[in-house]
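Trainee: Output the structure for:
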Amino acid sequence: MSENRNGYRDYHNSTKLVNRRGFLKTTAAALGVAAMGAYPGSALAAEESTANGLPGTVLGRTGLKITRISFGGILSSEPSVLFRAIDQGIRLVHTSPGYQNGRSIEAFGKVMKTRRDKVVLAVKVRPEKLDECLEKLNTDYADIIIPPMDSIQEISDPVLRENFEKAKAAGKVGHMGFACHTQSPALLDKMRELGFYDIILMSYSDTGNPAFIDALGRLREAGIGILAMKGLPKRSSLKPDEKEIALTASLCTSMVGKYNANTVLASIGSFQALEMYYDILETKLGYSNPVLEERYRASLEGNYCAMCGNCTGLCPQGLQISNIIRFRMYRQDYGLAEYAKTKYAAVSPGCDASSCRECGLCEISCTRKLPLRQMLKEAHRLLA
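Mentor: Okay, the predicted model is just below:
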């Protein structure tokens, strides 16, 4: 197989793509279920808009055209993987200064030297720290900034908006949103009320809450672009089998169909993962298998945080429970040991897991019945 000038193998020479009909037929036979097409009423019809020839959409009122699956950089440290993703047509790419202990943004910077005009660039950074990021990215402009925020108080901060407006006036950024792990309908409604944010990067770790899904629908109606994260299997295998591909395709279809997302931000750190997500984007988006999805969600019961926010503010000691459990997830499920330790070290003094008095209030509130006291102890042992 030939190598092109960017040092990676041409995807179409190395992978034989399966067409949509063939995938539905063979997968249904292998799993013993009926093959299904797109969800009724979803935005996945053949006449839907495309981006770079792939299934695409407009990201809310930003007017930015993107593909239905985007490139998430939390697992990415190899420029060659990002080069390939962009050259195949994936339109939105996202990174953060903290990902891979800085190796992700370094890799992105190497790619942006020659591919900046090919992508919508999203960066998880506050506006006052944007300049440093842009320098590392070898560009003078980010299309979107989405700093992490999980409370009404944080998103209502007038200083944050003021700093963004300054950066926008200077031509350094186009749109602002925020990354959120707390599935709070009240927070999403406050975002819509403020009328300031154009985008949200939202955790889809629990799509079983109708109030949450309805709140996302109200955001879409208001023209806010929605990027979905954490709604896929924890970490795709290097050699995904038919069942894993089918599950991932169905989850992607659900998120950009009935669950209101504009695009799925897939964590891509290898050529194997890229090939799977690109294949889903090109040939399998629209495949639906509710049985597989329900089995997957059932497997999360008792071991994987839904990030529902029910435990927020409950701890008498002030522990940031959902954050600590998420940092544990980065270590255990994503293999990001150093990143997880860095995030845990930034927890407010006296609010880390060592302060837990095992009262059990968090476990009573947990929608997935997680053994939170045990998980907090483990998090401190692994990350302190």
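
Trainee: buried ones in stretch 313-321?
Mentor: Buried residues in stretch 313-321, counted by 16 or more other C-beta atoms under 10 Å: 315, 319-321. Using the backbone N, CA and C atoms, a C-beta is placed for each residue, glycine as well.

Trainee: and of these, the nearest to residue 130?
Mentor: Taking C-beta to C-beta as the measure, residue 130 sits nearest to residue 320 out of these, at 25.6 Å.

Trainee: Name the nearest residue to the closest one, sequence neighbours excluded.
Mentor: residue 351 (5.4 Å; C-beta to C-beta, 6 or more residues apart in numbering).

Trainee: that older thread, can you put the buried residues of stretch 313-321 in JSON lines and add distance to residue 239, pLDDT and secondary structure?
Mentor: Output for the buried residues of stretch 313-321, formatted as JSON lines (distance: C-beta to C-beta, whole Å; pLDDT from 0 to 100; DSSP: H, G, I helix; E, B strand; the rest coil):
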{"residue": "315", "distance to residue 239": "41", "pLDDT": "88", "secondary structure": "coil"}
{"residue": "319", "distance to residue 239": "39", "pLDDT": "88", "secondary structure": "coil"}
{"residue": "320", "distance to residue 239": "37", "pLDDT": "84", "secondary structure": "coil"}
{"residue": "321", "distance to residue 239": "36", "pLDDT": "86", "secondary structure": "helix"}
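
Trainee: I'd like those residues as a markdown table, with distance to residue 253 appended.
Mentor: Converted to a markdown table, the buried residues of stretch 313-321 look like this (distance: C-beta to C-beta, whole Å):
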| residue | distance to residue 253 |
| --- | --- |
| 315 | 37 |
| 319 | 37 |
| 320 | 34 |
| 321 | 32 |
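
Trainee: Among those, list the two that are farthest apart in space.
Mentor: Pairwise over the buried residues of stretch 313-321, using C-beta to C-beta, the maximum falls at 315 and 320, 8.3 Å.

Trainee: Please give me every residue in contact with the residue nearest to residue 320.
Mentor: Residues near residue 351 by C-beta atoms under 8 Å, 6 or more residues apart in numbering: 317-320.

Trainee: and this protein, what are its domains?
Mentor: Per automatic domain parsing, the domain ranges recorded for the chain read 46-297, 321-383.

Trainee: mean pLDDT lowest for which of those domains?
Mentor: The stretch with the lowest average pLDDT out of the domains of the chain is domain 321-383, scoring a mean of 86.

Trainee: Quick check: phi and psi on residue 177?
Mentor: The phi and psi values for residue 177, taken as degrees, to the nearest 10, are phi -140, psi -150.

Trainee: since we're on it, how many residues are nearby?
Mentor: As a burial measure, residue 177 scores 27 neighbours (other C-beta atoms under 10 Å).

Trainee: Specify the beta-bridge partners of it.
Mentor: Taking DSSP bridges, one finds residue 199 as the beta-bridge partners of residue 177.

Trainee: isn't it right up against residue 198?
Mentor: Yes: using C-beta atoms under 8 Å, residue 177 is in contact with residue 198, at 5.8 Å.

Trainee: What sits closest to the residue positioned nearest the centre of the chain if chain neighbours are left out?
Mentor: Centroid-nearest residue in the chain, with C-alpha atoms, centre = their mean: residue 229, separated by 2.3 Å. Nearest residue to residue 229 in three dimensions, chain neighbours excluded: residue 265, at 4.8 Å (C-beta to C-beta, 6+ apart).

Trainee: Provide the partner residues of the one you found in its beta bridges.
Mentor: residue 70.

Trainee: list the contacts for it?
Mentor: 70-72, 92, 94, 201, 227-229.

Trainee: 10 Å instead, please
Mentor: 69-74, 92-94, 122, 179, 201-202, 204, 227-232, 255 (C-beta atoms under 10 Å, 6 or more residues apart in numbering).

Trainee: In the chain, which helix is the longest?
Mentor: helix 242-256 (DSSP state H).

Trainee: packing partners for that helix?
Mentor: helix 20-31, strand 69-72, strand 225-229, strand 263-267, helix 271-279, helix 290-300 (3 or more C-beta pairs under 10 Å, 6 or more residues apart in numbering; DSSP states H and E).

Trainee: Residue 346: which of the ones you listed is closest?
Mentor: The nearest among the helices and strands packed on helix 242-256, by C-beta to C-beta, is strand 225-229 at 19.9 Å.

Trainee: Summarise which helices and strands the closest one is packed against.
Mentor: strand 69-72, strand 92-95, strand 173-180, strand 199-203, helix 210-221, helix 242-256, strand 263-267.

Trainee: Format the ones you listed as CSV; extra columns: distance to residue 190.
Mentor: CSV is the format used below for these (distance: least, C-beta to C-beta, whole Å):
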stretch, distance to residue 190
strand 69-72, 25
strand 92-95, 24
strand 173-180, 11
strand 199-203, 12
helix 210-221, 10
helix 242-256, 23
strand 263-267, 23
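
Trainee: And those: which comes nearest residue 306?
Mentor: strand 199-203 (8.9 Å).

Trainee: how about the helices and strands packed on strand 225-229, which one is nearest residue 376?
Mentor: Of the helices and strands packed on strand 225-229, nearest to residue 376 by C-beta to C-beta is strand 199-203, at 19.6 Å.

Trainee: now that closest one and strand 173-180, what's the angle there?
Mentor: For strand 199-203 against strand 173-180, the angle by axes from the mean of the first three to the mean of the last three C-alpha atoms, to 10 degrees is 20 degrees.

Trainee: And strand 199-203, what does it pack against?
Mentor: strand 142-145, strand 173-180, helix 185-194, helix 210-221, strand 225-229.
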